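1. Kindly generate the corresponding structure for this input.
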Amino acid sequence: MRIADTFLKKEPNFLDATDQIDVLKDPNCVDLFDQNGYHLTKAEQAFLVRNGYAPIERRHEDCLRQDWLIWDKRDGAHINHSDIFERKGFADQALEQIEYIASESNPMLFKLVKMKPKWGIDISIDYVSPDAVFEVFHYEWDSFEYDAVLEKKEEIEQFVIHKDWDDIAQILWNRRNEWYNLDFFDQTKWKTDFFGLSPEKFKNVIWEL
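-> Next comes the predicted model:
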């Protein structure tokens with residue numbers, strides 16, 4: 001297992017205006033707005049290239065996502081997914097542009113005006129064998145504070161890379177009567193308690209008052 005050579009960018013906002021004006025004038029350009037995740041609407045995607053970003057598809061959704069922990073293991077304990085995320089707000093020329101178009105012709109863009117930037121981490125380690133298939137570890141954590149996410153990212157990195165996850169999977173499987181019938185959130189709470197980690201924190205609603 002290794003830590004990918006990727007990083008979260010500290011700049012919280014798109015700053016440069018887009019030349020894709022037709023996209024911003026389309027009343028459907030913010031359809032399926034993801035108020036608590038990282039899926040980018042068509043309006044947000046219009047600002048990526050001009051601001052030095054490239055979209056990366058994840059589960060058929062465009063987002064600002066990068067690999068995090070990498071483990072080329074395909075039996076027993078293995079990584080199901082491991083990602084770091086960003087969601088940009090708007091400032092300077094980019095903000096002026098969407099405010100103008102929102103006021104003139106497309107009020108749906110006010111959703112972007114009110115967005116707060118945030119960052120996040122997400123890792124899931126699963127286990128497979130002829131006798132057992134289950135999620136060994138899951139940790140997802142978001143914040144509107146860049147430094148807080150960096151601190152949590154480093155904490156979880158050091159926790160994950162120094163563990164024998166096949167051994168841990170066996171221990172958890174032997175105690176499955178304590179957690180196996182719990183729902184997703186109760187399972188992850190049980191496991192963070194088991195590992196001595198602070199609870200997960202995610203699905204933070206992105207709009208400002």
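
2. okay, CA-based contacts and neighbour counts for the rest of this
-> Fine.

3. lowest confidence element among the helices and strands of this protein?
-> With mean pLDDT, DSSP states H and E as the measure, the helix or strand of the chain carrying the lowest mean pLDDT is strand 56-58 (a mean of 66).

4. which stretches of this structure have low pLDDT?
-> Low-confidence segments of the chain, defined by pLDDT under 70, span residues 57-60.

5. Tell me how far the longest helix seen in it lies from the chain's centre.
-> Counting by DSSP state H, the longest helix found in the chain is helix 146-161. Using CA atoms, centre = their mean, to the nearest Å, the distance from the centre of helix 146-161 to the centre of the chain it belongs to is 14 Å.

6. Tell me the buried residues in that helix?
-> Of the residues in helix 146-161, those buried under the neighbour-count criterion (16 or more other CA atoms under 10 Å) are 146, 149-150, 152-153, 156, 160.

7. From the contact counts, what lies against that helix?
-> Where contact means 3 or more CA pairs under 8 Å, 6 or more residues apart in numbering; DSSP states H and E, helix 146-161 is packed against strand 118-128, strand 133-143.

8. following that helix, which helix or strand comes up?
-> From helix 146-161 onward toward the C-terminus, using DSSP states H and E, the following helix or strand is helix 165-174.

9. Quick one: the helices in the chain, in order.
-> Residue ranges of the helices in the chain, as given by DSSP H, are 21-25, 42-45, 92-104, 110-113, 146-161, 165-174, 184-195.

10. what residues does the first one touch?
-> If I follow you right, that is helix 21-25. Around helix 21-25, the neighbours that count as contacts under CA atoms under 8 Å, 6 or more residues apart in numbering are 29, 42-43, 46, 98, 101, 105-106, 109.

11. Only C-alpha atoms, please: export that helix in PDB.
-> Output of helix 21-25 as PDB, limited to C-alpha atoms (Å, rounded to 0.1, in the frame of the first residue of the first chain):
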ATOM      1  CA  ILE A  21     -21.700  31.700 -21.600                       C
ATOM      2  CA  ASP A  22     -24.400  29.600 -23.300                       C
ATOM      3  CA  VAL A  23     -23.900  27.000 -20.600                       C
ATOM      4  CA  LEU A  24     -24.500  29.500 -17.800                       C
ATOM      5  CA  LYS A  25     -27.600  30.900 -19.600                       C
END
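
12. Centre of the chain to it, how far?
-> Once both centres are worked out by CA atoms, centre = their mean, helix 21-25 turns out to sit 27 Å from its chain's centre.

13. ok, now the third one?
-> On the basis of CA atoms, centre = their mean, helix 92-104 is displaced by 27 Å from the centre of the chain it belongs to.
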